[in-house]
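In: Test case, fold it:
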Amino acid sequence: MSILLRDLSELRGAIEGGPFSTNLQLVDEVLSGNASGPLADFILEKLAFCFGEVNEDAMKEILSLREKAFDEIDHLVEEACENIEENKGHCYRASSRQEAIDIVKSLVGSGKIVIKSFDFAVEEIGVGKELREDNTVLDSSVPLAVSYLLPKIGGDVVLEHLKDLNLSGEIEESLAAYYRKKLHEADVGITGVRALAADPGAMSFLPDSGIDRLITMSPEIHIIVAGLEELVASYAEAFAITEFISRYSEGEYSFLGFVGGPSKTGDIEKRVTYGAHGPREFHVIILDDGRAKAMEERSPAIMCPRASKLPCPEVWSAWKKILGLGGDVRGVKSFGRCPPLIS
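Out: Here you go, the predicted structure:
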C-alpha cells in the first residue's frame with residue numbers, strides 16, 4: 001500500500017483540477033493558480049508559505065553568504081562530497097531529475113517500505129511515483145493534510161476515501177499510528193535539507209512534524225536530495241541560514257537538527273561502531289537540474305532561501321523557468337510576502 005499527497009487530490013471535494021500523476025504536477029498546478037479547493041489551500045498554507053517581516057540586516061547577511069557560496073560552488077560540491085565520504089556516507093552529483101531518480105532507484109531497489117519527507121527537491125525528481133510501482137511509499141505530508149481536510153470536507157467522506165486507499169479505522173488517530181508503525185518497519189527514509197555545510201559535510205533540517213524528524217533517524221537507509229543552491233561553506237553558515245528561515249518564515253517549526261553521516265557510537269576503548277542506533281547507510285544526492293545556470297545569472301528566486309518546503313507562490317514562475325517546466329502562472333492567493341529582493 002502506498003499513499004502520496006496526490007492520492008488525496010482524488011478525494012471528493014478536495015480540489016478543483018487534475019487528475020494529477022505526481023506530487024510535482026499537483027504542486028505546479030496549485031502554485032500556478034490552476035487548481036483550487038481545500039487541498040490547494042493546505043499546500044499554500046502549510047507547504048508553500050512565505051517569509052513574514054524580515055530584518056533587512058539579517059537578510060543582507062544571508063544573501064551575502066549565498067552570494068559567496070555561488071561564487072565557489074564547484075569547490076563546495078567537491079569539498080562536501082569529500083567530507084561526506086570521510087564521514088562514512090556516500091555522495092552523488094546529479095545534473096538532472098532523471099539522473100537523480102536513477103540513483104535513488106538503484107539505492108532503494110524493490111520490495112521496500114519507503115517513507116519520504118515532502119520536500120521541494122524530493123518532489124522535483126518524482127520519487128513517489130517512480131518508487132511506488134515496486135515499493136510501499138508513504139508521504140509524510142498525508143497525515144497533516146488529512147487533519148487539515150477533516151473539518152473542511154467531512155469525516156465520513158474522508159474516511160470512505162481512506163478505506164478506498166486501504167487505510168481503515170479512526171481517521172486521525174489511526175493514520176498517525178499507522179505512520180508511526182511504518183516508521184519502525186521502514187527500510188528507507190528520504191528527505192531534503194535546508195542547508196548543506198561543505199565543511200564538515202553536515203546538513204540542517206527544519207522538520208514540521210515528529211514524523212519528518214523520525215524519517216532522518218529510524219530507517220536503516222537515509223537518502224538526502226539536496227538542491228545545489230543549498231550548499232554553503234561552513235557549519236556556522238548553514239546554521240545561520242536555518243535560523244534565519246525559522247525566525248522569519250511564517251511556518252511553525254518545532255525542531256532544528258543536523259545530520260552528518262550514519263549513526264555511530266564508541267566504547268571505552270574508542271572502537272567506533274556505525275549504524276548503532278539509526279541509519280546504517282547515509283546517501284546524499286546533490287541536484288543541479290537547472291540550478292547552476294540560475295546561480296550564474298543570480299536569479300532572485302534562487303538567491304533567497306526558501307521559507308518553506310516549497311517555493312513561495314510569488315516566485316513559482318521563476319522556479320518553473322529554472323526547472324524547465326512549461327505553462328503560465330496566473331494570479332495566486334498570497335499568504336504572506338517574500339523578502340524585498342523578490343517582492
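In: List the buried residues for stretch 209-223?
Out: Neighbour-count burial for stretch 209-223 flags 209, 211, 212, 213, 214, 215, 216, 218, 219, 221, 222, 223 (criterion: 16 or more other CB atoms under 10 Å). Backbone N, C-alpha and C define where each C-beta goes, glycine included.
In: can you list the residues that contact it?
Out: For stretch 209-223, contacts defined as CB atoms under 8 Å, 6 or more residues apart in numbering pick out 104, 107-108, 115-117, 140, 143-144, 176, 179-180, 183-184, 186-191, 205, 207, 254-255, 257, 259, 262-263, 275, 278-283, 285.
In: can you rerun that using 6 Å?
Out: When contacts are defined by CB atoms under 6 Å, 6 or more residues apart in numbering, stretch 209-223 is touched by residues 115, 117, 140, 179, 183, 186-191, 207, 255, 259, 278-283.
In: so where do the strands sit in the protein?
Out: Taking DSSP state E, the strands of the chain run over residues 90-94, 113-116, 136-139, 188-191, 195-199, 202-205, 221-227, 231-234, 257-259, 264-266, 272-274, 281-287.
In: strand partners of the fifth one, parallel vs antiparallel please.
Out: Sheet partners assigned to strand 195-199 using DSSP bridges are listed as strand 202-205 (antiparallel), strand 231-234 (parallel).
In: CA-only coordinates of the last one in PDB, if you can.
Out: Put plainly, it is strand 231-234. Extracted as PDB, the C-alpha positions of strand 231-234 are listed here (Å, rounded to 0.1, in the frame of the first residue of the first chain):
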ATOM      1  CA  LEU A 231      25.300  24.400  -0.200                       C
ATOM      2  CA  VAL A 232      27.300  26.800   1.900                       C
ATOM      3  CA  ALA A 233      30.900  26.700   3.200                       C
ATOM      4  CA  SER A 234      30.600  26.000   6.900                       C
END
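In: Could you give the separation of it from the chain centroid?
Out: Offset of strand 231-234 from its chain centre (CA atoms, centre = their mean, to the nearest Å): 19 Å.
In: One more: the first one?
Out: The chain centroid and the centroid of strand 202-205 are separated by 12 Å, computed with CA atoms, centre = their mean.
In: Give me whichever of the strands of the chain is most buried.
Out: strand 188-191 (a mean of 26; mean count of other CB atoms under 10 Å).
In: So, low pLDDT: which residues of the stretch 201-343 of the chain?
Out: In the predicted model, the stretch 201-343 of the chain carries pLDDT under 70 at residues 261-278, 331-343.
In: Let's see that with 50 instead.
Out: 343 (pLDDT under 50).
In: and residue 12, what are its phi and psi?
Out: Residue 12 adopts backbone torsions of phi -60, psi 120, taken as degrees, to the nearest 10.
In: before we move on, back to that, the buried residues of stretch 209-223: which two are farthest apart?
Out: Farthest apart among the buried residues of stretch 209-223 by CB to CB are 209 and 221. That separation is 20.7 Å.
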